[in-house]
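In: One predicted model, sequence on top.
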Amino acid sequence: MERAASGTEHGEVTDAPPRGIVRLLTALVVVGVLVGVVGLVVPRAFAGDDDASSRQDLVTAANDFATAYNTYDVAELDDYQERMSGLLTTDYREQFDQVTEAIFGTLASRKQRSSDPEVLAVAIDSFDPDSAEVLVAVDASVSNTDQKAAVRRHFRWKVAFLRQDGAWKVDDFESIAAMTAETGQPPSEGEPQQQEEGQ
């Protein structure tokens, strides 16, 4: 009994699919590879834009914090805490209020005020999508009963941020000492040390 031909010219049996199906499968594979490549490359490209935007938002938040923190009158505690509250994480806000109540209470008799803050520099020390640490240099004019004429003071902060509800919020901060530069002989006892320019 003769074997039936299956799509061949010489009557040979073959399992190869028709050319149309091969072409269709090849096209699908190519499309799949292209979709995979686009899926990997496009999010990374846009993530770069998102990352730059998030860093800029962080710098803005650091500026806002330094400006608000160094603008106060100890006689107006409630106003100060209300202005600061929107810049702080939910967890840190209660701690901040307790600390400022204690500090303002101590300074109340001296009628201390801080005004005219000028943010000199902001540097991102560490960064990931949900947390960051920032160094901030800011000057402000401080006056009290001991210094009726406002004196320009230099402040340096290390500020920890968390991202909450799509915005950078302060979760903690600490004062850091300005670096000093000494030239030649160290200053004599009682003589002020020179600081680096801008410190």
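Out: Good, I have the coordinates.

In: Name the helix or strand for D125, please.
Out: Taking DSSP states H and E as the criterion, D125 maps to strand 113-128.

In: Kindly report the same for E94.
Out: Assigned by DSSP H and E, E94 belongs to helix 90-107.

In: What is that helix packed up against?
Out: Other elements packing on helix 90-107 under the criterion 3 or more Cβ pairs under 8 Å, 6 or more residues apart in numbering; DSSP states H and E are helix 77-85, strand 167-175. The C-beta positions use only the backbone N, C-alpha and C, and glycine is treated the same way.

In: Give me the contacts around that helix.
Out: Applying Cβ atoms under 8 Å, 6 or more residues apart in numbering, the contact partners of helix 90-107 are 72, 74, 77, 80-81, 84-85, 88, 144, 164, 169-172.

In: hang on, isn't A61 packed against K169?
Out: Yes: counting by Cβ atoms under 8 Å, A61 touches K169, with 7.5 Å between them.

In: Now for the two: what residues contact both?
Out: Shared contacts of A61 and K169, defined by Cβ under 8 Å, 6+ apart, comprise 87, 161.

In: next helix or strand past the helix or strand of the chain with the lowest mean pLDDT?
Out: Using mean pLDDT, DSSP states H and E, the weakest-scoring helix or strand in the chain turns out to be helix 19-69, at a mean of 70. Sequence-wise, the next helix or strand beyond helix 19-69 is strand 72-73, with elements assigned using DSSP H and E.

In: Emit the ChimeraX select command for whichever of the contacts of helix 90-107 are buried.
Out: The following ChimeraX line selects those of the contacts of helix 90-107 that are buried, judged by 16 or more other Cβ atoms under 10 Å:
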select :72,74,77,80,81,84,88,144,169,170,171,172
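
In: I'd like to know which of the contacts of helix 90-107 is nearest to P117.
Out: Y72 (10.0 Å; Cβ to Cβ).

In: hey, what's that closest one bridged with?
Out: Beta-bridge pairing for Y72 (DSSP bridges): S114.

In: related to what we said a few turns ago, name the residues of the helix holding E94 that come out as buried.
Out: Those would be 92-93, 96-97, 100, 104, 107, for helix 90-107 by 16+ other Cβ under 10 Å.

In: For the chain, give me the ranges with low pLDDT.
Out: The chain contains residues with pLDDT under 70 at 1-18, 20-48, 178-199.

In: what do you get if the cut-off is 80, keeping everything else the same?
Out: In the predicted model of the chain, residues 1-49, 178-199 satisfy pLDDT under 80.

In: rewinding a little: quick one, the helix holding E94 and strand 113-128 angle?
Out: If you take axes from the mean of the first three to the mean of the last three Cα atoms, to 10 degrees, helix 90-107 sits at 150 degrees to strand 113-128.

In: 7 is where my numbering starts, stick with that
Out: Sounds good: first residue 7 from here, last item helix 96-113.

In: relative to helix 83-91, how tilted is helix 96-113?
Out: Angle, helix 96-113 to helix 83-91, by the same axes, to 10 degrees: 150 degrees.
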